[in-house]
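> missing the sequence, but the structure's below:
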């Protein structure tokens, strides 16, 4: 999916910065290098490296990783040397030399792409590469918000953007279909691109599935993978989670 929409990702996520100070704080409190699963084009990876952290980024999308490499290549040599990128599936990855990490980050909504079996496999792999005092941070949308998605499957306007490099106009639309029994949200993203001087519109359509889980389900999943829940927050200010929270943030360690 992300291979299809890679060129739009940074444009549509340009305003997503609220998580960055919090992740940088977690990194400063951690002992050892950092692993980011689902690093994409480097939205978190680069600020972490610029702050002096050694960071390994893993992503399944070669196109997103190409964008990350391009961005990394524009940084100072010292920053580049702190970053290692791998293309792999987070459910069954193996890193050369079997390194251990002080912090593993599964960033903004990434875990939602995985079903139960995939999420469990990922968490077990994470446990195997965490240092003894290492921690796992997972950042998710509030499942209550997802469960309240209107079940009309209608197209809605998400964004109207201009690509600063090409001047193209990008109209971003989305359609959602909720299945509360399966706890899934089927999402269709549509990107209509037109040249600045008019002409034909080129459409890109991508489909994805979000698997949302409530806190008690996530805690059971963590326990099954060998983790102990440390904290459950509702936002980056570390306020307690409740049904009205903006986010569902999890910090865990090995049992």
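Nice, I can see it. A quick note: this is a predicted structure, and the numbers were derived from the prediction, not measured. Residues are numbered from 1 along each chain as shown.
> report the distance from the longest helix anywhere in the chain to the chain centre.
For the chain, the helix with the greatest residue count under DSSP state H is helix 116-129. Taking CA atoms, centre = their mean, to the nearest Å, one finds helix 116-129 lying 16 Å from the centre of the chain it belongs to.
> for that helix, the averaged confidence score.
For helix 116-129, the mean per-residue pLDDT is 97.
> would you mark the buried spots in it?
Going by neighbour count (16 or more other CB atoms under 10 Å), the buried part of helix 116-129 is 118, 119, 120, 121, 122, 123, 125, 126, 127, 129. Every residue, glycine included, has its C-beta placed from N, CA and C.
> buried residues in the very next helix or strand once past that helix, which are they?
Counting by DSSP states H and E, the next helix or strand C-terminal to helix 116-129 is strand 130-141. Applying a neighbour-count criterion of 16+ other CB under 10 Å, one finds 130, 131, 134, 135, 136, 137, 138, 139, 140, 141 buried in strand 130-141.
> do the same with stretch 156-164
Using 16+ other CB under 10 Å as the test for burial, stretch 156-164 gives residue 161.
> next one: phi and psi at residue 239?
Per-residue torsions, residue 239: phi -70, psi 150 (degrees, to the nearest 10).
> residues contacting it?
233, 245 (CB atoms under 8 Å, 6 or more residues apart in numbering).
> mind pulling up the pLDDT for it?
As predicted, residue 239 sits at a pLDDT of 97.
> same question for residue 153.
Residue 153 carries a pLDDT value of 75.
> looking at this, it is in a strand?
No - under DSSP: H, G, I helix; E, B strand; the rest coil, residue 153 falls outside any strand and is assigned coil.
> that older thread, what comes into contact with the longest helix of the chain?
Residues outside helix 116-129 that contact it (CB under 8 Å, 6+ apart) are 35, 37, 90-93, 95, 98-101, 104, 106, 111, 114, 136, 211, 221-222, 224-227, 254.
> rerun that using 7 Å as the cut-off
Helix 116-129 has contacts (CB atoms under 7 Å, 6 or more residues apart in numbering) with 35, 90-93, 95, 99-101, 104, 111, 114, 136, 221-222, 224-227, 254.
> ok so, going back, distance to residue 154 for the buried residues of helix 116-129 - can I get that in JSON lines?
Shown next, in JSON lines, are those (distance: CB to CB, whole Å):
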{"residue": "118", "distance to residue 154": "29"}
{"residue": "119", "distance to residue 154": "29"}
{"residue": "120", "distance to residue 154": "34"}
{"residue": "121", "distance to residue 154": "35"}
{"residue": "122", "distance to residue 154": "33"}
{"residue": "123", "distance to residue 154": "35"}
{"residue": "125", "distance to residue 154": "38"}
{"residue": "126", "distance to residue 154": "38"}
{"residue": "127", "distance to residue 154": "41"}
{"residue": "129", "distance to residue 154": "43"}
